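Chemist: pasted the sequence and its predicted model underneath.
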Amino acid sequence: MAYQEIIYGKENGLAIITFNRPEVHNALNYLAIDESLEAARDADTDDSVRVLILTGAGDKAFVAGADIEELRARNTLTELASARRGGGYWLTCWRQCPSPPLPPSTGSL
């Protein structure tokens with residue numbers, strides 16, 4: 001599958017998800033969250049994958065957090081509450097991931 005906000009690849013037992021939004025320090029928008037979870041599901045169903053590495057494009061940040069501009073565009077309490085639940089769901093998925101996700105300490109490998 002072609003991704004817009006991440007780069008995903010698998011090689012030698014590793015699956016690597018790179019958040020590819022360096023212009024905003026890899027801030028997470030809904031598409032980046034959805035794509036990263038889809039890639040993680042793919043890695044989890046591939047028996048050859050032993051480790052999942054999370055990284056960020058550029059040299060400034062791994063992930064800056066939520067995309068505040070996208071949140072600002074949501075103008076109702078219902079939409080904001082949904083965004084908050086979505087972020088919690090994203091973190092829960094990573095904690096329950098069968099392949100241990102390893103974030104590097106810098107924005108690049």
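Modeler: Great, that's in hand.

Chemist: give me the below-cutoff pLDDT ranges for this protein.
Modeler: 74-109 (pLDDT under 70).

Chemist: after the helix or strand hosting Leu54 comes which helix or strand?
Modeler: Leu54 is part of strand 51-56 when elements are defined by DSSP states H and E. Using DSSP H and E, the helix or strand that follows strand 51-56 in sequence is helix 68-73.

Chemist: so which elements touch that following helix?
Modeler: Contact partners of helix 68-73 among helices and strands, from 3 or more CB pairs under 8 Å, 6 or more residues apart in numbering; DSSP states H and E: none. Backbone N, C-alpha and C define where each C-beta goes, glycine included.

Chemist: can you give me the buried ones in it?
Modeler: 70-71 (16 or more other CB atoms under 10 Å).

Chemist: just the CA coordinates of it, formatted as CSV?
Modeler: Only the C-alpha atoms of helix 68-73 are listed here, as CSV (Å, rounded to 0.1, in the frame of the first residue of the first chain):
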residue,chain,number,x,y,z
ILE,A,68,-2.2,21.1,16.9
GLU,A,69,-3.3,22.8,13.6
GLU,A,70,-5.5,19.8,12.8
LEU,A,71,-7.0,19.8,16.3
ARG,A,72,-7.6,23.5,16.0
ALA,A,73,-9.7,22.9,12.9
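
Chemist: in the strand holding Leu54, what's buried?
Modeler: 52-56.

Chemist: what pairs with it, and is each one parallel or antiparallel?
Modeler: strand 14-19 (parallel), strand 101-102 (parallel) (DSSP bridges).

Chemist: look at the nearest residue to Gly65 once chain neighbours are set aside and say how many residues are nearby.
Modeler: Distances taken as CB to CB, 6 or more residues apart in numbering place Ala27 nearest to Gly65, at 6.3 Å, with adjacent residues excluded. By other CB atoms under 10 Å, 20 other residues sit near Ala27.
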